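1. just coords:
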Ligand SMILES: Nc1ncnc2c1ncn2[C@@H]1O[C@H](COP(=O)(O)OP(=O)(O)O)[C@@H](O)[C@H]1O
Ligand SMILES: O=C(OP(=O)(O)O)[C@H](O)COP(=O)(O)O
C-alpha cells in the first residue's frame, strides 16, 4: 500500500487540520542556527492555507522530559514560520491547555496556529500506550483531520506520530512523500559501491542500525561520537570521550559479523583530542589507539576525526557510487573541531553518483560550513528516520499512513 495523500481527506476549507511537523531545529538561545526543517515544512502548510483550512501546527523540539522547559520553547520557531508563510501565524503558550484551546477556537480560515512543544507533555513520549492515546485524544479534540509531515520523527512511536493519526482521518504531507521518493530508490537498488557514513551523538539510537545495514552496504565509515565505542571494543582507552560502555560487546559482534560478510567497517586512525568541550580548548591530533597519551591524559575528549582519517574517508566516499551520510564527524559547531565534517561533506559533493545527507544536525552542518544544498543529491530532514528506513524497518509513523 502507498501513502494516503492529503487529497484523500477531501475539501479542507474551514476544517481544523492538525499538522505534525518536525520543527526540531538547532538553537543558540532563541536564535535558530539552521531553519532547514522550518522551510521544509512550508509547502504542506501553504497548500493547506491555500485551501482555506484552519491549520494547527504541532512539533517537538529537543528532548525536554515531559514538562515545560523554556529552553525548548517553539516560540522562536513560530516567529520564523510567520516570516516564511504568507498567512497569519499565532502561537499558543501551551499544547493542549487553556491558551491552545482559546486560540484554536479563535482560528480563522487560512490562518495558522503553532502549539507549544509536544514533549512538554508526558503523554507524548510515554512508553505506556494508554497514556499516549489519552494525550493523542486531547490533540484530536482540536482536529477535523490530521496531516503527518514530520519525516524526522516517523521512526518514533509517539502520541502525535502514531496514536493521533488513528483517531481522525489522516494523511501524509508533501515532505514525507518527497523524502520517501528519494529514500525508496536507495533501498531498492543502490548503485555500488555503496558506503554509509555514521557519526553524531545519538550513539545508542544509531548503533542498532548497523546490524541491519551490514547485509546491504559495502563499506561503513564510523566517525563522530560513535567512534569511541568502536575503539573501546578494540580494547583502546578513549579518555573522557562519548562512550556507550554497555554497547561494547554488541559492537564487537558487529565487527566480527562485518568480517564474515566481507563488509569493511573503517574506523579512524587518528583523532583530535581536546582538554575540554569549548572552542578555545587546547587540542592535539593523536593516534586513535593513544587517546590517553596526550598531555590531557584520561580527561582528554575526542571531538573530531583526525586529518589522516578525514583524507581516507574522503577518498572512500569519492570511490563510491552511492553514499548515505548521517551524523557529523565531530563537534562541528566549534570551529577547531569542524575539519572532519567539512572533509566528508566536500567529498560527498565530488562523488560521481548519488549522495544523500540525512539528519537535522548533519544538514545544519553542511549549510553552516558553506555548502549549497544543490551540491548534494538529497538532504533529508531525518537522520534516525532515514537510517531506520534504509534498514528496511517498518516505521510506525509511516505504517499508520498506509505505507507498507
Ligand atoms: N566526538 C563527538 N563528541 C561529542 N559530540 C559529537 C562528536 N561528534 C559529533 N558530535 C555531535 O553530534 C551532534 C549531532 O548528532 P546527531 O543528532 O546524532 O546527528 P543528526 O541530527 O544529523 O542525526 C552534533 O551536535 C555534534 O556536535
Ligand atoms: O532530530 C531528529 O532526529 P535526527 O537527529 O536523527 O535527525 C528528530 O527531530 C527526532 O528527534 P528525537 O531523536 O529526539 O526523537
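-> Here it is on my side, so go on. Because the structure is predicted, anything quoted here is derived from the model rather than measured. Ligands and ions are numbered 1, 2, ... in the order given.
2. Show me what counts as buried in stretch 242-250.
-> The neighbour-count check on stretch 242-250 (16 or more other CB atoms under 10 Å) flags 242-244, 247-248, 250 as buried. All C-beta spots, glycine's among them, are computed from the backbone N, C-alpha and C.
3. Helices of the stretch 1-150 of the chain, start to end?
-> Assigned by DSSP state H, counting those that start in this stretch, the stretch 1-150 of the chain shows helices spanning 36-50, 75-84, 98-106, 122-125, 129-140.
4. which outside residues touch the first one?
-> Applying CB atoms under 8 Å, 6 or more residues apart in numbering, the external contacts of helix 36-50 come out as 6, 12, 17, 19, 21-25, 32, 55, 57, 77, 80-81, 84-87, 110-112, 147, 149, 152, 173-175, 360, 363-364, 367, 379, 381.
5. how about a cut-off of 7 Å?
-> 6, 12, 17, 19, 21-25, 55, 57, 77, 80-81, 84-85, 87, 110, 112, 147, 149, 152, 173-175, 360, 363-364, 367, 381 (CB atoms under 7 Å, 6 or more residues apart in numbering).
6. residue at max distance from the center of this protein?
-> Largest separation from the mean C-alpha position in the chain: residue 295, at 35.4 Å (CA atoms, centre = their mean).
7. Is that residue in a helix, a strand, or coil?
-> Here residue 295 is coil, with the state taken from DSSP: H, G, I helix; E, B strand; the rest coil.
8. Near ligand 2, which residues of the stretch 151-300 of the chain? Just list them.
-> 152-153, 156, 202 (CB under 6 Å from any ligand atom).
9. would you turn those into CSV with secondary structure and neighbour count?
-> Shown next, in CSV, are these (DSSP: H, G, I helix; E, B strand; the rest coil; neighbours: other CB atoms under 10 Å):
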residue, secondary structure, neighbour count
152, helix, 29
153, helix, 23
156, coil, 21
202, coil, 18
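10. Lowest-confidence one in those?
-> Looking at those by pLDDT, the weakest one is residue 202, with 91.
11. mind listing what it touches?
-> residue 384.
12. can we see that at 10 Å?
-> Contact analysis of residue 202 by CB atoms under 10 Å, 6 or more residues apart in numbering lists 63, 224-226, 326-327, 359, 361, 383-384, 387.
13. Output the helices of the stretch 1-150 of the chain in JSON lines, with distance to ligand 2, mean neighbour count and mean pLDDT appended to each entry.
-> Below are the helices of the stretch 1-150 of the chain laid out as JSON lines (distance: least, CB to the nearest ligand atom, whole Å; neighbours: other CB atoms under 10 Å; pLDDT from 0 to 100):
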{"stretch": "helix 36-50", "distance to ligand 2": "8", "mean neighbour count": "21", "mean pLDDT": "98"}
{"stretch": "helix 75-84", "distance to ligand 2": "12", "mean neighbour count": "18", "mean pLDDT": "98"}
{"stretch": "helix 98-106", "distance to ligand 2": "21", "mean neighbour count": "15", "mean pLDDT": "98"}
{"stretch": "helix 122-125", "distance to ligand 2": "8", "mean neighbour count": "22", "mean pLDDT": "98"}
{"stretch": "helix 129-140", "distance to ligand 2": "14", "mean neighbour count": "18", "mean pLDDT": "98"}
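14. Tell me which of those lies nearest to residue 339.
-> Checking the helices of the stretch 1-150 of the chain against residue 339 by CB to CB gives helix 36-50 as the closest, at 22.3 Å.
15. Just give me how far the closest one sits from the chain centre.
-> Chain-centre distance of helix 36-50: 18 Å, with CA atoms, centre = their mean, to the nearest Å.
16. So it, near ligand 1 or not?
-> No - residues of helix 36-50 are not located near ligand 1 by CB under 6 Å from any ligand atom, the shortest gap being 10.2 Å.
17. That helix to helix 75-84, inter-axis angle?
-> 60 degrees (axes from the mean of the first three to the mean of the last three CA atoms, to 10 degrees).
18. in the helix or strand of the chain with the lowest mean pLDDT, what counts as buried?
-> In the chain, no helix or strand scores lower on mean pLDDT, DSSP states H and E than helix 203-213, which sits at a mean of 88. By neighbour count on 16+ other CB under 10 Å, the buried set for helix 203-213 is 203, 206-207, 209-210, 213.
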